[in-house]
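Colleague: take this sequence and fold it.
(chains A and B)
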Amino acid sequence: MPQYSQKTMDLFMNPKNVGSLDEASPRVGTGVSGSAVCGDVMKVQIEIGDDRRIADAKFKTFGCGAAIAASSLATEWLKGKTLDEAATLDNQTIADDLQLPPVKIHCSVLAHEAVLAAIDDWKTKNGLPVAPREKADTHEGHCAG
Amino acid sequence: MPVKTPIYLDHNATTPLDPRVLAAMMPYLTEHFGNPASRSHSFGWKAEEAVEAARAQVATLLGAAAKDIVFTSGATESDNLAIKGVAQMYRQKGNHIITALTEHKAVIDSCKHLASEGFEITWLSPDANGQVHPDQVAGAITDKTILVTIMAANNEIGTINPIAGIGEVARKRGVFFHTDATQAVGKIPIDVDAMNIDLLSLSAHKMYGPKGVGALYVRRRNPRVRLTCQIDGGGHEGGMRSGTLNAPGIVGLGAACELCRAEMATEGPRLTALRDRLASAILSRIEHTRLNGHPTQRVPNTANISMAYVEGESLMMKISDIAVSTGSACSSASLEPSYVLRAIGVPDELAHSSLRISLGRWTTQDEIDYTVDRLVKAVKDLRDLSPLYEMAMAKNK
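Modeller: Alright, predicted model coming up:
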């Protein structure tokens, strides 16, 4: 296992926003990224308040320490943001903040994807248009590095 | 009773040096520094004498003749020398080699290297317990086969292969049999004559000896095995492996072999009992777990267990005061899980969820009980975090 930054270790040992929101609720958007076969699955959920801001964000992650830390960081960052603001989150910010080693950059990519998928899910549920996205996480037969 | 941490349970990666081995080595790192190949003075004689005594100690552990032991830098070199050495020496006779998918990389990559030079390699699939069977080997032998190379015990899952049966099949068909016995030597009895072994690789640092030294057993009689040397130079070790002998390391290897031989009858059952205590506690106290490898035909110190819905690297981080290893690929560049677990049919997601726990000479029951308690808590915490666990539980409702 690689040497992780103190921040990554802290978030891994004491992750924030672990849990689940009611997937059926129209206020909740759910996004899942990764695959069990590749060793990482992230689920990010956001709850949109009446002010159209993210009132709450939760995650559950199966994966390495970096994946758990990245999910915790992303959900923490999401809170209070509008959907447009949330969509600007990019994986490099997460990777830089956690000082992820190159082999773990994909963890930040997965966190980013789960966030975008959660936003899309909320939009779909609420009758808003969703722009098509290219998935970068997994391809047929092999895992992204 | 409180245990001292960190706890080392990764003995299949390497073992600590036994203080008795170090004591045997010390004089050869200090006053007896001579080159064993110096025939003209007492410094050389003293070193040579020690090397020959160590050769006899290694041979005794294997039931071999001392002159059949070639010292190397470790098992990787021994594997390379055995496989490439036979292939190059006997190329006129045939170009076919039989091995298995679960071999160590030193064997796999040596065979792949030969494949790139035109050799034909048969990769046998082990059964679900990780064993390769003599009838599989028999079925693969052709008139072009010059070598069978099958490991004695697997480094990841600990499964012991029926090497006596494989040796018998190979001998009957006039094919040389090499076994990488790095994880078996010193743990279980090995007898090169009774098992029809022609070549055997071993390493000192897996058996409480120093790193950087190992040996290759090369049968010189009935039948005689000849090898093309892989390191040219002064013609040391009967021309099979040039290079000034690592006298202190070799003395350490010899001492390590002697200790393993003397203590195997008590240490084997002690480790087996501790390992089974560990495995049964994990399997009974943590749901959705499974033991990988053969239920009984396993080296005494190894337990490889998959704990579903929890990724191995994060599990190791949760129990960071306990040193173990994982079949998860989270830290490898390829992100591919263990090829050994794959070869025995463990699904990728369970391979990512596996831990290899390997016990050793100083492992105590208190350490084992502490480890189990830590694992129970860590798996619970990580399952609370796991979307896979959540989904599986929802499905079961």
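
Colleague: quick one: the strands in the stretch 251-397 of chain B?
Modeller: B:289-292, B:302-307, B:322-323, B:325-326, B:354-358 (DSSP state E, counting those that start in this stretch).

Colleague: do the same with chain A
Modeller: All strands of chain A, identified by DSSP state E, fall at A:28-35, A:40-48, A:54-62, A:138-139, A:142-143.

Colleague: can I get the ones you listed in TSV including mean pLDDT and distance to chain B?
Modeller: Every residue, glycine included, has its C-beta placed from N, CA and C. Below are the strands of chain A laid out as TSV (pLDDT from 0 to 100; distance: least, Cβ to the nearest Cβ, whole Å):
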stretch	mean pLDDT	distance to chain B
strand A:28-35	96	7
strand A:40-48	97	4
strand A:54-62	98	4
strand A:138-139	46	10
strand A:142-143	65	4
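
Colleague: dump these to CSV, plus mean neighbour count.
Modeller: Converted to CSV, the strands of chain A look like this (neighbours: other Cβ atoms under 10 Å in any protein chain shown):
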stretch, mean neighbour count
strand A:28-35, 22
strand A:40-48, 26
strand A:54-62, 25
strand A:138-139, 14
strand A:142-143, 16
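
Colleague: compare these and give me the one nearest residue B:255.
Modeller: strand A:142-143 (45.0 Å; Cβ to Cβ).

Colleague: could you tell me the least trusted of the strands of the stretch 251-397 of chain B?
Modeller: Note on the strands of the stretch 251-397 of chain B: lowest mean pLDDT is at strand B:325-326, with a mean of 92.

Colleague: what helices or strands is that one leaning on?
Modeller: When contacts are defined as 3 or more Cβ pairs under 8 Å, 6 or more residues apart in numbering or on different chains; DSSP states H and E, strand B:325-326 sits against helix B:312-318, strand B:354-358.

Colleague: who's in contact with the shortest one?
Modeller: Contacting residues not belonging to strand B:354-358 are listed as B:9-13, B:156-158, B:278, B:292, B:301-307, B:312, B:315-316, B:324-328, B:337-338, B:341, B:346, B:371 [Cβ atoms under 8 Å, 6 or more residues apart in numbering or on different chains].

Colleague: now, of the residues you listed, which are buried?
Modeller: Buried by 16 or more other Cβ atoms under 10 Å in any protein chain shown: B:9-12, B:156-158, B:278, B:292, B:301-307, B:312, B:315-316, B:324-328, B:337-338, B:341, B:346, B:371, out of these.

Colleague: turn the strands of the stretch 251-397 of chain B into CSV, including distance to residue B:200.
Modeller: Listed next are the strands of the stretch 251-397 of chain B as CSV, based on distance: least, Cβ to Cβ, whole Å:
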stretch, distance to residue B:200
strand B:289-292, 25
strand B:302-307, 20
strand B:322-323, 29
strand B:325-326, 25
strand B:354-358, 21
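
Colleague: return the residues of chain A in contact with chain B.
Modeller: Selection of chain A residues close to chain B by Cβ under 8 Å from any Cβ of the partner chain yields A:1-2, A:9, A:12, A:15, A:18, A:20, A:32, A:36-43, A:60-65, A:67-68, A:103, A:106, A:143-145.

Colleague: so, low pLDDT: which residues of chain A?
Modeller: Of all residues in chain A, those with pLDDT under 70 make up the ranges A:1-2, A:134-142, A:144-145.

Colleague: remind me, longest helix of it?
Modeller: Longest helix in chain A, counting residues (DSSP state H): helix A:105-125.

Colleague: contacting residues around residue 95?
Modeller: I'll assume chain A. A:104-105, A:108.

Colleague: you looked at the wrong chain, it should be chain B
Modeller: Shown in contact with residue B:95 (Cβ under 8 Å, 6+ apart): B:87, B:118-120, B:144, B:146.

Colleague: do you know the pLDDT at it?
Modeller: For residue B:95, the pLDDT comes out at 98.
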